[in-house]
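Asks: With the sequence up front, the predicted model follows.
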Amino acid sequence: MDRETRLFAECHFRRLRGRLPSRVCPTPDRVDFIENPDSFSYADFFKGYLLPNLPCIFSSAFTEGWGSRRHWVTPSGKPDFDYLLQNYGDVVVPVANCGVQEYNSNPKEHMPLRDYISYWKEFIKGHYSSPRGCLYLKDWHLCRSPFHADIFRSFSWSVNICGRKKWYLFPPGQEEALRDCHGGLPYDVTAPAFLESCRHRGLNHCSPPLEVTQEAGEMVFVPSGWHHQVHNMEDTISINHNWVNGCNLANMWHFLQQELRAVQQEVSEWKDTMPDWHHHCQVIMRSCSGINFEEFYHFLKVIAKRRLLLAKEIGPGEVEYREGSRLDPQQIIFDISRIAEVLASVVVNPDFQRVDTSMLTPQPEDLLQQLEETMAAMESL
């Protein structure tokens, strides 16, 4: 990140200050396709897609050097079962049965990869049908259903090593029109029963999703809070990754506050009779969401301490990119400012103030002070 990009980003967040990230966003007309890696920089991605939280597709040119695209795929573009068996056959993998709905997800089992590949071959020979149903090797274990937004409102990218996928993407807030009378989201936004339900509820006016067909080698960038559903159109292998950075850290914090409020609403009738009601809400929240407020503070602390250590290494005249550096100095400055802003919101949050922080080191207020002092020292950089 260069200085101009950092200042651009800081101006962006100043404009957003005080506005909730959950507001309904209009559906863009299209998803941009990024063709040439040589003419597209990280600054372009940062300004054009991370900050405005918009999806895009990267062409197969961005992944043509990946070893997985060379080794996992046959010359005809199909999964190389022999290579996968030879190198990973004994690995135990999670497999979901897509033909069975279990609450708002699919039941899972674990099996050696060689057993799954045997099933896969039989599934193909059976014209993509099997008495065992449609089994999906799915290591993305943190999503709850076919239609979902990624864990903790993280960003994600998904690369098709081989095969094709159809994506249905809904901008943040658009999913609210799809909830049922109990507030639940649909299991499958393409199911005839759901579409018929929408017509009965008068939801024909609901903005349609962005539809994207992802070809082999291409990468889809899914922004923070975008609900989506994906269908494999043929035999497909994909690699996916989720991450949180300074651009969507506030979204993650806002999401966690929503999750806690949902828990508090569910158990509100016991508030006056249950000792340590607020503590139990945090316990339930962790069980449902995988994290609670104390653990979110630990998440912020780990990143903050690393950035503060790196900030100490930045000397006069070293604020631009240094060859061989672990992280760009301007990126360090940006990250510290974003962590400080989110942490400032955390420490004044009434529910966080009810968390027992006596054993936390450093105390949240002390860490915030360290971040603010470091930012003040960097103001001239």
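Replies: Structure's in. What do you need?
Asks: low-confidence ranges in this protein?
Replies: Residues of the chain meeting the criterion pLDDT under 70: 18-24, 103-104, 139-144, 146, 199-206, 315-326, 380-381.
Asks: Find the nearest non-adjacent residue to the residue nearest the centre of it, please.
Replies: Centroid check for the chain by C-alpha atoms, centre = their mean gives residue 154 as the closest residue, at 2.8 Å. Of all residues not flanking residue 154 in the chain, residue 242 sits nearest, at 4.2 Å (C-beta to C-beta, 6 or more residues apart in numbering). Quick note: C-beta positions are derived from backbone N, CA and C, even for glycine.
Asks: quick one: that neighbour and residue 149 touch, right?
Replies: No. Counting by C-beta atoms under 8 Å, residue 242 sits too far from residue 149 to count as a contact (11.1 Å).
Asks: Between those two, which is the more surrounded one?
Replies: Under the neighbour definition other C-beta atoms under 10 Å, residue 242 and residue 149 were set side by side, and residue 149 has more, 22 against 17.
Asks: So what touches stretch 254-262?
Replies: Stretch 254-262 is touched from outside by 20-22, 152-153, 225, 281-282, 285, 288-289, 291, 293, 296, 349, 351, with contacts defined as C-beta atoms under 8 Å, 6 or more residues apart in numbering.
Asks: list the buried ones in that stretch?
Replies: 254-257, 259-260 (16 or more other C-beta atoms under 10 Å).
Asks: Ok, stretch 308-317 next?
Replies: Neighbour count says stretch 308-317 has 308, 310-311, 314 buried, by 16+ other C-beta under 10 Å.
Asks: What about those residues, which are in helices?
Replies: Among these, the residues falling in helices (DSSP state H) are 308, 310-311.
Asks: Distance to residue 82 for those residues - can I get that in CSV?
Replies: Formatted as CSV, the entries for these read as follows, by distance: C-beta to C-beta, whole Å:
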residue, distance to residue 82
308, 50
310, 45
311, 50
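Asks: if we take the residues you listed, which one ends up nearest to residue 358?
Replies: residue 308 (22.8 Å; C-beta to C-beta).
Asks: Please tell me how far that closest one sits from residue 195.
Replies: Distance, residue 308 to residue 195, using C-beta to C-beta, to the nearest Å: 51 Å.
Asks: picking up where we left off before, from the buried residues of stretch 254-262, which is closest to residue 77?
Replies: residue 255 (38.0 Å).
Asks: follow-up on the earlier one: out of the contacts of stretch 254-262, list just those in helices.
Replies: When helices are assigned by DSSP H, the members of the contacts of stretch 254-262 inside them are 281-282, 285, 288-289, 293, 296, 351.
Asks: can you pull the contacts of the residue nearest to the centre of the chain?
Replies: With contacts taken as C-beta under 8 Å, 6+ apart, residue 154 has the following neighbours: 224, 242-244, 248, 252.
Asks: now the strands for the stretch 1-150 of the chain?
Replies: In order along the chain, the stretch 1-150 of the chain carries the following strands (DSSP state E, counting those that start in this stretch): 32-34, 56-58, 92-97, 108-112, 135-137.
Asks: Ok, which of the ones you listed comes nearest residue 303?
Replies: Shortest separation from residue 303 across these is recorded for strand 56-58, at 25.5 Å, computed as C-beta to C-beta.
Asks: tell me what that closest one is packed against?
Replies: Strand 56-58 makes packing contacts with strand 32-34, strand 219-222 when contacts are defined by 3 or more C-beta pairs under 8 Å, 6 or more residues apart in numbering; DSSP states H and E.
Asks: Now do the helices in the stretch 151-300 of the chain.
Replies: 192-200, 249-266, 277-289, 293-312 (DSSP state H, counting those that start in this stretch).
Asks: And this protein, what are its domain boundaries?
Replies: Per automatic domain parsing, the structural domains of the chain span 26-243, 249-378.
Asks: Output the ones you listed in JSON lines, with distance to residue 12 appended to each entry.
Replies: Putting the domains of the chain into JSON lines (distance: least, C-beta to C-beta, whole Å) gives the following:
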{"stretch": "domain 26-243", "distance to residue 12": "5"}
{"stretch": "domain 249-378", "distance to residue 12": "11"}
